[in-house]
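A.B. asks: I would like to see how this sequence folds:
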Amino acid sequence: MKKIFAIALLPLAVLALGACSTGAAGTDHDQAHARVVSASFQPNGIATLEYLRQDDANRLCSAADVAGKPLDEKTAKAIEEAALKTIKMPSDGKFLGDWKEGEKIAQSGRGLTWTDDAKTVNGGNCYNCHQMDKKEISFGNLGPSLYNYGKLRGVTDPTSAAAKPIVEYTWGKLWNSRAYNACSQMPRAGHKGILSEQNLKDVMALLLDPKSPVNQ
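C.D. replies: Now for the predicted structure:
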């Protein structure tokens, strides 16, 4: 699902600066690395330089990854609480759309690149990281399998009161995954505007509708 820009032949020695940095010298290396990366990109069409700008969560999680240890509990909790506040529930109170449209979104990796225009419908590229349909032979494993996502959670009627906790959690996870995992690598599809509200509803249906191939 993640939309990234291609780095054009950056010297490996320069890229290594960020990975090897520690302490005050590390800060200098990080800044030098950021300058070189920024200078290597140019905005093109709808592809801007926005994705090069790290927010606090990205910066802290990247530093923890370089250090080879998880965030401390207090910092992780603060990131999750801040992310939780960004989640916007459906404007009409309805969480599910059309699972068939959701499948199209899950299969598509288009959108937000320099080869797309503003009219391109963004895809979720969900199969890049997850198994979803048992019949699908091509999928990634960076994320867990989502096959039988709703079925395994006992969702037989997504509109019922009993299903509400799972439905709202799933929406929140799609909107801003860091609300539940501070350093989640899952794209923040709603928070970052990757998917529209209707797009999200359709993906929700793919995950939770009992008639969806995900739950067969």
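A.B. asks: contacts, neighbours, all on C-alpha from now
C.D. replies: Noted.
A.B. asks: now Leu171: which helix or strand?
C.D. replies: Wrong residue type there; residue 171 is Trp, not Leu. helix 164-175 (DSSP states H and E).
A.B. asks: nearest residue to the middle of the chain?
C.D. replies: Centroid-nearest residue in the chain, with C-alpha atoms, centre = their mean: Pro187, separated by 1.0 Å.
A.B. asks: check which helix or strand it maps to.
C.D. replies: Short version, using DSSP H and E: Pro187 is in no helix or strand.
A.B. asks: let the chain start at 30 from now.
C.D. replies: Taking 30 as the first residue, the last one we looked at is Pro216.
A.B. asks: now do the helix or strand containing Glu109: everything it contacts.
C.D. replies: Glu109 belongs to helix 102-113 when assigned by DSSP H and E. By C-alpha atoms under 8 Å, 6 or more residues apart in numbering, the list of residues contacting helix 102-113 from outside reads 86, 201, 205-212.
A.B. asks: hey, C-alpha coordinates of it in CSV?
C.D. replies: Extracted in CSV, the C-alpha atoms of helix 102-113 (Å, rounded to 0.1, in the frame of the first residue of the first chain):
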residue,chain,number,x,y,z
GLU,A,102,7.0,2.5,26.5
LYS,A,103,6.3,6.1,27.3
THR,A,104,7.3,7.4,23.9
ALA,A,105,5.4,4.6,22.1
LYS,A,106,2.3,5.4,24.2
ALA,A,107,2.5,9.1,23.3
ILE,A,108,2.7,8.3,19.6
GLU,A,109,-0.3,6.0,19.8
GLU,A,110,-2.4,8.5,21.7
ALA,A,111,-1.6,11.3,19.2
ALA,A,112,-2.4,9.0,16.3
LEU,A,113,-5.7,7.9,17.9
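A.B. asks: which other helices and strands does the helix or strand following that helix contact?
C.D. replies: Sequence-wise, the next helix or strand downstream of helix 102-113 (DSSP H and E) is helix 128-136. Packing partners of helix 128-136 (3 or more C-alpha pairs under 8 Å, 6 or more residues apart in numbering; DSSP states H and E): helix 226-237.
A.B. asks: so who does the closest residue to Asn151 other than its chain neighbours touch?
C.D. replies: What sits nearest to Asn151 in space, not counting adjacent residues and going by C-alpha to C-alpha, 6 or more residues apart in numbering, is Gly140, at 4.2 Å. The neighbours of Gly140, taking C-alpha under 8 Å, 6+ apart as the test, are 32, 146, 149-152.
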